[in-house]
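[1] Build me a structure from this.
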Amino acid sequence: MVGHDAVGHGAMGRGVIAEGILRRQSSRESAARTYARSLPIVPVRARGLTIEGADGRRYLDCLSGAGTLALGHNHPVVLEAIRSVLDSGAPLHVLDLATPVKDAFTTELFSTLPPALAADARIQFCGPAGTDAVEAALKLVRTATGRSGLLAFTGAYHGMTAGALEVSGGACDVRVVRLPFPQDHRCPFGVGGAEGERLSARWTESLLDDPKGGVPTPAGMIVEPVQGEGGVHPAPDGWLRRMREITAARGIPLIADEVQTGVGRTGAFWGVDHAGVVPDVMVLSKAIGGSLPLAVIVYRAELDVWAPGAHAGTFRGNQLAMAAGTATLAYVRRNGLAERAAVLGERMLTVLRELAAAQPCVGDVRGRGLMIGVEVVDPDTGAAAPELAAAVRQECLDRGLIVELGGRHSSVVRLLPPLTLTDEQAGAVLDRLTDAVPAAARRPR
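    Reported below is the predicted structural model:
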């Protein structure tokens, strides 16, 4: 952690140092960098919801490492778990060997899974990122079924590696059949609600059962319980249950991508818990590592047909991440943080819906638990307004609030605060956001 002396003396000195770091980053790092472009911050300290920049400014962080930080920054139980491994003399790199740390992580993780899956599950430790786990899941179902095609959904986001991009919404030239994901605000069928859900399910059935539909039985279907990067669209519970019925009846493995929705984020421990759905494969990353890189897939034992070494990776055994993950999973479970997220998230949605009623540039407010989206639109046409959304993000940053954008045309302001968010902190977040929106709307266009 960088001390005050390291970042200069006084606000002006700290600001000069921060500017130099940002300038060097811009000249040295890849053009592919993302968050650094819209968030010109040099973090030097962080605790819970709060980040302190090298320039001395403090921010409320509602990005949370893109949902990675379930307990916020540097939570004491996470730091203690990491220290205990470091102080024990245990090896930090063990490939896929068994260790007490891994055993504790797996035991805690399995205790949180849907019981029908946990009773006969296998776990595969993948490379360290969520996209690595998606790749493993796709490879698993293709190997197990002997089929190659996949079903995915419009608006999906599953990662940045080749296979994960193939099943994401922005892909082209792929072997994937794209199915309509139901939503109310911009329903692909123009009806929304229960009828939109019914039509989406009916379209899926028709496509799979039509001998002239051009869709042979696929290796699997992959779905997010809440589309995050796609604009914070919760999968309706009844529709998700119907997808489970459709896939089960046709022998198609159902893959639930819980990389961002897992570990209490949506108001249940796992996003599929809302609908009572038991998938064949669960893809897990982000929060399961307690802020450190960790990714796994958990799946039904009958799919475990891989030969030894059929899927491997040098960094499958990150002991610090497993220890931090065990501490995080246990803390969320013991302290009822999923239930807390459900209650607090609904309160925040209520306030934001009041904002939508008062501000014509807010087209929709939606979410589940502490996964919230505010869609920004042109008040005259109702069309997506990415420039206005970017202005809202900047007005938030000017007020010390970190948010990010997602959705079609990057027009959805996203909130992913830590599950440890207090009522007072939630109020501060809402105050800053509800002040930023009209300020952005007043900017000259």
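[2] Report pLDDT for residue 2.
    Residue 2 is assigned 40 on the pLDDT scale.
[3] The one 4 residues further on too?
    Residue 6 carries a pLDDT score of 42 in this model.
[4] so how far is stretch 181-201 from its chain's centroid?
    What separates the centre of stretch 181-201 from the centre of its chain is 23 Å, taken as Cα atoms, centre = their mean, to the nearest Å.
[5] Show the contacting residues for the residue most central in space within the chain.
    In the chain, the centroid-proximal residue (Cα atoms, centre = their mean) is residue 260; its distance is 2.2 Å. For residue 260, the contact set (Cβ atoms under 8 Å, 6 or more residues apart in numbering) comprises 66, 67, 130, 224, 226, 228, 286, 371, 416. For the C-beta atoms, the positions are set from N, CA and C on the backbone; glycine is no exception.
[6] Surely it is within a helix?
    No - Residue 260 is assigned coil when assessed by DSSP: H, G, I helix; E, B strand; the rest coil, not a helix.
[7] ok, it to residue 329 distance?
    16 Å (Cβ to Cβ, to the nearest Å).
[8] again, but for residue 164
    For residue 164, the distance to residue 329 - Cβ to Cβ - is 24 Å.
[9] Then residue 127?
    20 Å.
[10] okay, the two: which has more neighbours?
    Between residue 127 and residue 329, counted using other Cβ atoms under 10 Å, residue 329 has the larger neighbour count: 24 against 21.
[11] just checking, the more buried one touches residue 110?
    No - applying Cβ atoms under 8 Å, one finds residue 329 not in contact with residue 110, separated by 10.1 Å.
[12] related to what we said a few turns ago, when you check the contacts of residue 260 against the helices, which ones overlap?
    66, 67, 130 (DSSP state H).
[13] What lies in contact with the helix or strand encompassing residue 434?
    Here residue 434, judged by DSSP states H and E, is contained in helix 423-442. Applying Cβ under 8 Å, 6+ apart, the contact partners of helix 423-442 are 49, 60, 62, 344, 347-348, 351-352, 355, 359-362, 374, 376, 379, 388, 391-392, 394-396, 398-401, 403, 413, 415, 417, 421.
[14] how about that helix: buried residues?
    For helix 423-442, the neighbour count (16 or more other Cβ atoms under 10 Å) marks 425-426, 428-430, 432-434, 436-437, 439-441 as buried.
[15] cool, stretch 182-202 as well?
    182, 183, 185, 186, 187, 188, 196, 197, 198, 199, 200, 201.
[16] which residues touch the first one?
    Meaning residue 182. Applying Cβ under 8 Å, 6+ apart, the residues contacting residue 182 are 188, 196, 197, 200, 235, 236, 239.
[17] Give the closest residue to the first one in space, chain neighbours not counted.
    The shortest distance from residue 188 to any non-neighbouring residue, by Cβ to Cβ, 6 or more residues apart in numbering, is to residue 180 (4.1 Å).
[18] number of nearby residues for that neighbour?
    Residue 180 has 17 neighbours, counted by other Cβ under 10 Å.
[19] doesn't residue 201 make contact with it?
    No - using Cβ under 8 Å as the test, residue 180 is too far from residue 201 to be in contact (9.7 Å).
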